[in-house]
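Peer 1: 3D model of this:
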Amino acid sequence: MPLDADMIVLLSFAVFAAAAIYSSVGHGGASAYIALMALAGLAPEEIRPAALVLNIVVAGLGALRFIRAGRFDARAFWPFAVTAIPAAYLTGGIDVPEAIYRPLLAGALGAAALRYLIWPQIDVVKSVHAPGLAVALPSGAVLGALAGLTGIGGGVYLSPLLVFAGWADAQKATGIAACFIVVNSLAGLAGRMSSLSALPSFLPWLAIAAMFGAMIGTTLSLRHLSKRGVLRVLGAVLGLAAAALVT
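Peer 2: Sure, this is the predicted structure:
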């Protein structure tokens, strides 16, 4: 659906704000972009590939900045990524009825949001150890499949799991999640290459807005957010994602 100039400007500002918030915890913000573009009146076939492109822009910038700052752990990343990538590719072209997955995901994300908004100190002091392959490999496949089915990068699922299980501290989870989102979003987009023709013509403007938002969000995270602060923001982001799924 064509949008007028005023709506494109409004949508760009909304994408900018979402990118700033989500990128501060290593997320790409696809769930927010999907909700925003749906509210703006875009067709579903335009929304999913556009959200993945914006995800790659935001999470890609976040991944670069967080890795450079030492907020990354390859041992906790690759066991999930190696099975998530093919799973996201295979499920990227599958359309699942939203009535099935939206309530389930919203409930799980809402519960995690309450945990990190109310009791972040539990995970701040938790000891950290690398995940075992017997758990990480199948978990990565499940998360990748979810990412492909829902049209988002999967970081919103991975980062709370990493922190809750003690596989990474809150700050390193930001870099791990950002990298996970990039590879899954690329795989999901590759799995639905035919949808690229449906990308809206104004997507470059949204991408520019998302990039500037990500610059602000990652700077905030690197300079001002402690481990507890990251978990508080993560709780807010998970709550926003849950709300986006039920709107």
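Peer 1: Can you find the helix or strand in the protein with the smallest mean pLDDT?
Peer 2: In the chain, the helix or strand scored least confidently by mean pLDDT, DSSP states H and E is helix 121-124, which has a mean of 58.
Peer 1: List the neighbours of stretch 174-182 that are in contact with it.
Peer 2: Applying CB atoms under 8 Å, 6 or more residues apart in numbering, the contact partners of stretch 174-182 are 23-28, 30, 55-56, 59-60, 62-63, 66-67, 69, 71-73, 76-77, 80-81, 84, 143, 152-155, 158-159, 162, 168, 221, 230. All C-beta spots, glycine's among them, are computed from the backbone N, C-alpha and C.
Peer 1: how about the closest residue to Y157 other than its chain neighbours, secondary structure?
Peer 2: Distances taken as CB to CB, 6 or more residues apart in numbering place L143 nearest to Y157, at 5.1 Å, with adjacent residues excluded. Secondary structure state of L143, per DSSP: H, G, I helix; E, B strand; the rest coil, is helix.
Peer 1: about what we covered before: narrow the contacts of stretch 174-182 to just the buried residues.
Peer 2: Listed as buried from the contacts of stretch 174-182 are 23-28, 30, 55-56, 59-60, 62-63, 66, 71-73, 76-77, 80-81, 84, 143, 152-155, 158-159, 162, 168, 221, 230; burial here means 16 or more other CB atoms under 10 Å.
Peer 1: Helices - which of those land there?
Peer 2: 23, 30, 55-56, 59-60, 62-63, 66, 76-77, 80-81, 84, 143, 155, 158-159, 162, 221, 230 (DSSP state H).
Peer 1: Going along the chain, name the helices of the protein.
Peer 2: Here the chain has its helices, by DSSP H, at 5-23, 30-40, 44-68, 74-91, 98-118, 121-124, 133-150, 155-165, 170-190, 203-224, 227-246.
Peer 1: List the buried residues in the last one.
Peer 2: If I follow you right, that is helix 227-246. Those would be 227, 229-245, for helix 227-246 by 16+ other CB under 10 Å.
Peer 1: and what of the fourth one?
Peer 2: Within helix 74-91, the residues that count as buried by 16+ other CB under 10 Å are 76-77, 79-91.
Peer 1: Let me know how buried R68 is, in neighbour terms.
Peer 2: Residues lying near R68 (other CB atoms under 10 Å) number 11.
Peer 1: and it, how far is that from F13?
Peer 2: Distance of R68 to F13, given as CB to CB, to the nearest Å: 28 Å.
Peer 1: And A177, by the same measure?
Peer 2: A177 is 25 Å from F13, by CB to CB.
Peer 1: Pick out whichever of these two has more residues nearby.
Peer 2: Remark: of A177 and F13, A177 carries more neighbours, 34 against 12, as counted by other CB under 10 Å.
Peer 1: any idea how far that one lies from V9?
Peer 2: For A177, the distance to V9 - CB to CB - is 30 Å.
Peer 1: what does H129 give?
Peer 2: H129 is 48 Å from V9, by CB to CB.
Peer 1: Likewise for V82?
Peer 2: According to CB to CB, V82 and V9 sit 41 Å apart.
Peer 1: Check P131 too.
Peer 2: Distance of P131 to V9, computed by CB to CB: 44 Å.
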